[in-house]
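[1] Generate a structure from the sequence data that follows.
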Amino acid sequence: MDKILRIDVGVSGGPSFQTDSLASYAGLGGRAMTSAIVAKEVPPLCHPLGEDNKLVIAPGILSGSVAAMSGRLSVGCKSPLTGGIKEANAGGQAAQVLARLGYAAIVLEGKPADDTLYKVLINKDGVKIIPANDLKMLGNYDLIDKMKAEYGDKVACISIGPAGEMKMAAASVAITDMEMRPTRHAGRGGVGAVMGSKNIKIIVLDDAGMAMRSPANVEKFKEANKNFVQGLKKHPVTGQGLPTYGTNVLTNVINEAGGFPTFNFKQGRFDGAAKIGGEAQAELEISRGANPTHGCHKGCVIRCSGTYHDKDGHYLTKQPEYETVWAHGANCAIEDLDTIAMLDRLDDDYGLDTIEMGATIGVAMEAGIAKFGDAEAAINLVKEVGKGTTLGRILGNGAGITGKVFGVERVPVVKNQAMPAYDPRAVQGMGVTYATTTQGADHTAGYAVTANILGVGGSVNALKPEGQVDLSRNLQIATAAIDATGMCLFIAFAILDQPDTFQSLVDMVGAFTGKETTADDVTALGKQILTWERDFNARAGFTNKDDRLPEYFKKEKLAPHNVVFEVSDDELDQVYNW
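    Model prediction:
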């Protein structure tokens, strides 16, 4: 990965491209690359859909190698949803393929001169940018079928659905999985809208004829990778729980802990949780001939993905993940897996963030647009978004906008981004992360469920404010560094509990890059990424007043524990004091 591909969509006569050296971005990958470029090159006060914003797509430092779990892709920009810096992360095949093609980043920049839509083809021979108005408003599934017919089934694709073309703030960027289905999404923050604003419908990546990326120290790398894989397989979460039941293994766990947001964050337990949890889901999938254990990219050894078939035994969607099952299930009081799977399919096809859409429908239900528990109404609301009706455009711009339009006070957002599947009153470490992360409410930014609920990496009482700031701070630093490597965040369970597994990761990075690497170096990288992001947000106008939860989380007691969020504002302001 020794070059950056820049595509200027604003050139007269259609987009042009050039290949640049890495220069000051040398040695960066994933979130480090996207945040560095956005922080340095994007004016913080620019309009997110205007010519000055840039969409940066970057594989991780280890992507394209044989390193296990290294297939994550970072997509960065100024967010149309939050107005701050954004990094959205996805699995699938694109990161591995892009890295093997030698690109450390693709940067989409400028403003199109007209409404012509384009596709981009990147292979060993170079880059082609091709007008593609025949692809306008295609859903991701039909779009990928067209690409398979044209380019075969060995390529990887990065695409947007109709929501991205309509520049909705909940629009995602889709990444194809190993079976070339558009099931992996850089979902959060409206990155799909920024890709849509550049009139790029799809990027097709073909690494035929390209070799795996080679480490600087082959033997040391091979040994570290072997030890790393062994560590993942021996940990109960990464070796047993996630492979057996997928991420939805958490539904019954978080529900029992009283932190499973239900009825638009009104209570922490859902009576129908057992019907939609990972155990019930896996049993149903197996009975229909689907597979609850599946990797989203080559080199995945955790294999927490899966496939979901309809009642007739036909493929419908990927295995709905925990966040999706919560968002379209418990949060809306829907306890039917087939409904949740259909909503997941629609979100992926239209190119929408399932978390934002589930939270948005919850707000719409509170507003009386539909009744809680009405599965048919929920499906119809997502279809409104896909059609781009007036109501659909409101919903497609997220929970915050929907709450304002319909006069709802109880809107679970931070920096205008919807909260994921952990109520911050019952999992207070997650509340600290939601409030203070640069990304808007985002569980992946500092996954305090580890110590709050699962007893991974220590134990911090989930219902008390003590220790939550230190927990969230350390996790945010570690997460930023992991996001730079291209590693799946789920490796955190094993590396937090097993020092030897963490050391194997550090050794693997050092052996690959040829630079002596220590745990302190990993920490320094995480801090540097967060510093870039915080600086961008400050220049965009964010202050510590934006690092807060909505007031009702401090006032409304959450059943069953009858607790409120108790971490003080003064404590929240200490998260980035290192």
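
[2] how much space between Gly400 and Asn544?
    Separation of Gly400 from Asn544 (Cβ to Cβ, to the nearest Å) stands at 20 Å. Using the backbone N, CA and C atoms, a C-beta is placed for each residue, glycine as well.

[3] Which one of those two is surrounded by more residues?
    Applying other Cβ atoms under 10 Å to Gly400 and Asn544 shows that Gly400 carries more neighbours, namely 24 against 15.

[4] wait, doesn't that one sit right on Val411?
    Yes - the criterion here is Cβ atoms under 8 Å, and Gly400 meets it with Val411 at 6.0 Å.

[5] Just list whatever residues bridge to the residue nearest in space to the middle of the chain.
    With distances taken as Cα atoms, centre = their mean, Asn89 lies nearest the centre of the chain, 4.0 Å away. Beta-bridge pairing for Asn89 (DSSP bridges): Ser74.

[6] For Lys383, list the residues it contacts.
    Leu346, Gly392 (Cβ atoms under 8 Å, 6 or more residues apart in numbering).

[7] Buried residues, whatever helix or strand it lives in. List them.
    Lys383 belongs to helix 375-387 when assigned by DSSP states H and E. Using 16 or more other Cβ atoms under 10 Å as the burial criterion, the residues of helix 375-387 that qualify are Ala375, Ala377, Ala378, Ile379, Leu381, Val382, Glu384, Val385, Gly386.

[8] Switch those residues over to TSV; also include distance to Gly457 and pLDDT.
    As requested, these are exported to TSV (distance: Cβ to Cβ, whole Å; pLDDT from 0 to 100):
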residue	distance to Gly457	pLDDT
Ala375	38	98
Ala377	41	98
Ala378	36	98
Ile379	39	98
Leu381	39	98
Val382	37	98
Glu384	42	98
Val385	38	98
Gly386	41	98
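
[9] Dump stretch 34-54 to PDB, restricted to CA.
    C-alpha atoms of stretch 34-54 as PDB (Å, rounded to 0.1, in the frame of the first residue of the first chain):
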ATOM      1  CA  THR A  34      -9.200   8.500   7.200                       C
ATOM      2  CA  SER A  35      -9.100  10.800  10.200                       C
ATOM      3  CA  ALA A  36      -5.700  12.100   9.300                       C
ATOM      4  CA  ILE A  37      -6.800  13.100   5.800                       C
ATOM      5  CA  VAL A  38     -10.100  14.500   6.900                       C
ATOM      6  CA  ALA A  39      -8.500  16.500   9.700                       C
ATOM      7  CA  LYS A  40      -5.800  17.900   7.400                       C
ATOM      8  CA  GLU A  41      -7.600  18.400   4.200                       C
ATOM      9  CA  VAL A  42     -11.300  19.000   4.900                       C
ATOM     10  CA  PRO A  43     -12.400  22.500   6.100                       C
ATOM     11  CA  PRO A  44     -14.200  21.800   9.400                       C
ATOM     12  CA  LEU A  45     -17.000  24.300   8.600                       C
ATOM     13  CA  CYS A  46     -17.700  23.100   5.100                       C
ATOM     14  CA  HIS A  47     -21.100  21.700   4.100                       C
ATOM     15  CA  PRO A  48     -20.900  17.900   4.400                       C
ATOM     16  CA  LEU A  49     -22.500  17.500   0.900                       C
ATOM     17  CA  GLY A  50     -20.500  20.200  -0.800                       C
ATOM     18  CA  GLU A  51     -17.300  20.300  -2.800                       C
ATOM     19  CA  ASP A  52     -14.900  20.700   0.100                       C
ATOM     20  CA  ASN A  53     -15.800  17.500   1.900                       C
ATOM     21  CA  LYS A  54     -14.000  14.400   1.000                       C
END
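
[10] in that stretch, what's buried?
    34-39, 42, 44, 48-49, 51-54.

[11] again, but for stretch 155-166
    For stretch 155-166, a neighbour-count test (16+ other Cβ under 10 Å) marks Val155, Ala156, Cys157, Ile158, Ser159, Ile160, Gly161, Pro162, Ala163, Gly164, Glu165, Met166 as buried.

[12] Send me it as PDB with only the CA atoms.
    C-alpha atoms of stretch 155-166 as PDB (Å, rounded to 0.1, in the frame of the first residue of the first chain):
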ATOM      1  CA  VAL A 155     -14.400  -8.900  -7.400                       C
ATOM      2  CA  ALA A 156     -15.300  -6.800  -4.300                       C
ATOM      3  CA  CYS A 157     -17.600  -3.900  -4.500                       C
ATOM      4  CA  ILE A 158     -18.200  -0.700  -2.500                       C
ATOM      5  CA  SER A 159     -21.600   0.900  -3.300                       C
ATOM      6  CA  ILE A 160     -24.500   3.000  -2.300                       C
ATOM      7  CA  GLY A 161     -28.200   2.300  -2.600                       C
ATOM      8  CA  PRO A 162     -31.000   4.800  -3.300                       C
ATOM      9  CA  ALA A 163     -30.600   6.400   0.200                       C
ATOM     10  CA  GLY A 164     -27.100   7.400  -0.700                       C
ATOM     11  CA  GLU A 165     -28.200   8.900  -4.000                       C
ATOM     12  CA  MET A 166     -30.900  10.800  -2.200                       C
END
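
[13] Can you give me the end-to-end span of stretch 110-119?
    16 Å (Cα to Cα, to the nearest Å).

[14] roughly how far out does it sit from the chain middle?
    Here stretch 110-119 is found 26 Å from its chain centre; the criterion is Cα atoms, centre = their mean, to the nearest Å.

[15] how about the least confident helix or strand in the chain by mean pLDDT: buried residues?
    Least confident helix or strand, the chain: helix 242-245 with a mean of 88, by mean pLDDT, DSSP states H and E. Using 16+ other Cβ under 10 Å as the test for burial, helix 242-245 gives Leu242, Pro243, Tyr245.

[16] what residues does stretch 549-562 touch?
    Residues from elsewhere that reach stretch 549-562 (Cβ under 8 Å, 6+ apart): 258, 267-269, 409-414, 423-426, 431, 434-435, 463, 563-566.

[17] repeat that for 10 Å
    257-259, 261-262, 265-269, 403, 409-414, 419, 423-426, 431-432, 434-436, 441, 462-463, 548, 563-569, 572 (Cβ atoms under 10 Å, 6 or more residues apart in numbering).

[18] of all the buried residues of helix 375-387, which comes closest to Trp326?
    Ala378 (13.5 Å; Cβ to Cβ).

[19] What distance do you get for the closest one to Trp578?
    In this view, Ala378 and Trp578 are 43 Å apart by Cβ to Cβ.

[20] repeat for Gly388
    Distance, Gly388 to Trp578, by Cβ to Cβ: 45 Å.

[21] Of the two, give the one with the bigger neighbour count.
    Using other Cβ under 10 Å as the criterion, Gly388 and Trp578 rank with Gly388 on top: 17 against 11.

[22] Hmm, that one is touching Gly161, no?
    No - at 11.4 Å, Gly388 does not count as touching Gly161 under the criterion of Cβ atoms under 10 Å.

[23] what sits in contact with each of these two?
    Common contacts of Gly388 and Gly161 (Cβ under 10 Å, 6+ apart): Met137, Met168, Tyr350.

[24] Got phi/psi on the second one?
    Note on Met168: its backbone torsions stand at phi -80, psi 140 [degrees, to the nearest 10].

[25] so what's it scoring on pLDDT?
    We have a pLDDT of 98 for Met168.

[26] could you say what helices and strands the least confident helix or strand of the chain packs with?
    With contacts taken as 3 or more Cβ pairs under 10 Å, 6 or more residues apart in numbering; DSSP states H and E, helix 242-245 sits against helix 218-234, helix 250-256, helix 278-287.
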